[in-house]
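Undergrad: here you go, sequence then predicted model.
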Amino acid sequence: MAASGAYPGTAFKILLSCPDGLPRSRVSVKFGRSFDRIPHPDAALEESISEVWDQSLQRNPYLYSGTKFRYGGNALHYKDDSDHDLEYCVSLHLGLTDYRTFVGTNLNPLWEFFLVPSEDDSVHCQHLSDALGNGAIVETSDKKIIVLQRSYNVADYPGYYVFPGGHSEPQEIGIMGHQTDEEDFASLTERVSQEMFDGVIREVVEETGVPASSLTDPVFIGVSRREVNVRPTAFFFTKCNIDSSGVSELYSRAQDGYESTKLYTVSVEELQGMRQRMPGCHNGGIALYELMRNAAKKSEDVIDE
């Protein structure tokens, strides 16, 4: 599924949709070197990664090249639930990358030259960092959706509307690189899987001031990618037991004014009006949310019948 918007950078592609909203028990991770970025054979193009990073550092000396998870694709599988019905589960394929490589490939003015002509998305983007972002569709107790307006201080989409989010962090679970001496690899992948869910809640708390205790366990609704820079983002849905005015008050005390400058709590209809000023990956988040809402409505209609 793909769609485009009225402003540059608003176009997106849905890489994975999970309209049922998958809980943690139905999302796993396949983690390893095989999902890391493959260097491009063009040496000059590879050299441009350092050049772009150095230029970015000159503009913002506080940039830090932290380790990130790299999106390498996904797979669906089925398992029996407690009632012996088949339910689908998702495995996210993740490698490692870092912020420097992300800036030097995905945010490089030459980013399109890193792409490989292929219908297979993992091959198409194999030379890009593809650091996996995360985003949260947060519904307040009075059925409004939280949206942030990005600061004009940031380099990526200043002034645009976004959902709370950022990245899950390998460092949070002690991963700085691939660990070949890991005794219990199953334990490692379990920690990575858990960080996918913990990371998005952490971002919501940090960016909005809403306490984690007020949020329901997030469910995974899919992965979207903006067409410009082909940046992938995993989206989750969570409910907050605080109303929109309470959320706005918490944000006014918590926000630092760097990444975002304003918080909005909007209806689903108002959200549609913001689409032309949303980065493509977050526009994709709206599409994933709509698919979830439509699936829930169909389920309700079946029950009513």
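TA: In hand now; what should we look at? Bear in mind that the values here come from a model prediction, so they are computed numbers and not experimental data. Numbers count the residues shown, from 1 in each chain.
Undergrad: which stretches of the stretch 1-150 of the chain form strands?
TA: 2-3, 12-22, 27-31, 67-80, 86-98, 133-139, 145-150 (DSSP state E, counting those that start in this stretch).
Undergrad: secondary structure element for Thr238?
TA: Remark: Thr238 resides in strand 232-239, with elements defined by DSSP states H and E.
Undergrad: after that strand, heading C-terminal, what element do we hit next?
TA: As assigned by DSSP H and E, the chain's next helix or strand after strand 232-239 is helix 244-254.
Undergrad: now do the contacts for Ser34.
TA: Residues counted as contacts of Ser34 (CB atoms under 8 Å, 6 or more residues apart in numbering) are 72, 95. No exception for glycine: its C-beta is placed from N, CA and C like everyone else's.
Undergrad: if I look at it, how far off is Gly174?
TA: 21 Å (CB to CB, to the nearest Å).
Undergrad: picking up where we left off before, ok, residues contacting the strand holding Thr238?
TA: 15, 21, 71, 92, 130, 132-139, 141, 163, 165, 196-197, 200-201, 204, 215-226, 281-282, 284-285, 288-289, 292.
Undergrad: cutoff 7 Å now
TA: The contact list for strand 232-239, computed with CB atoms under 7 Å, 6 or more residues apart in numbering, reads 15, 21, 71, 130, 132-139, 196, 200, 215-216, 218-225, 281, 285, 288-289, 292.
Undergrad: tell me the buried residues within these.
TA: 15, 21, 71, 130, 132-139, 196, 200, 215, 218-225, 281, 285, 288-289, 292 (16 or more other CB atoms under 10 Å).
Undergrad: shaky segments in the stretch 51-200 of the chain?
TA: Residues of the stretch 51-200 of the chain that meet the criterion pLDDT under 70 lie in 80-85, 180-183.
Undergrad: in stretch 251-268, what's buried?
TA: In stretch 251-268, the ones that count as buried by 16+ other CB under 10 Å are 251, 255, 260-261, 263-266.
Undergrad: what's the answer for stretch 166-179, then?
TA: 166-170, 175.
Undergrad: list just the nearest of those to Glu270.
TA: Nearest to Glu270 among those: Gly166, at 23.8 Å, using CB to CB.
Undergrad: doesn't the closest one lie inside a helix?
TA: No - per DSSP: H, G, I helix; E, B strand; the rest coil, Gly166 lies outside any helix segment and is strand.
Undergrad: number the chain from 363, please
TA: Taking 363 as the first residue, the last one we looked at is Gly528.
Undergrad: show me what contacts it?
TA: By CB under 7 Å, 6+ apart, Gly528 lies in contact with 495-496, 565.
Undergrad: same question for Gln533.
TA: 428-429.
Undergrad: same thing but 10 Å
TA: 428-430, 557 (CB atoms under 10 Å, 6 or more residues apart in numbering).
Undergrad: quick check, nearest of these to Ala548?
TA: So of those, ranked by how close each gets to Ala548 (CB to CB), first place is Glu557, at 15.1 Å.
Undergrad: now do the same for Leu625: its pLDDT.
TA: Looking at Leu625, its pLDDT stands at 97.
Undergrad: that's a helix at it, yeah?
TA: No - going by three-state DSSP, the assignment for Leu625 is strand, not a helix.
Undergrad: please name the bridge partners of it.
TA: Leu510 (DSSP bridges).
Undergrad: quick check, it in contact with Gly608.
TA: No - in this structure Leu625 lies outside contact range of Gly608 using CB atoms under 10 Å: 11.6 Å.
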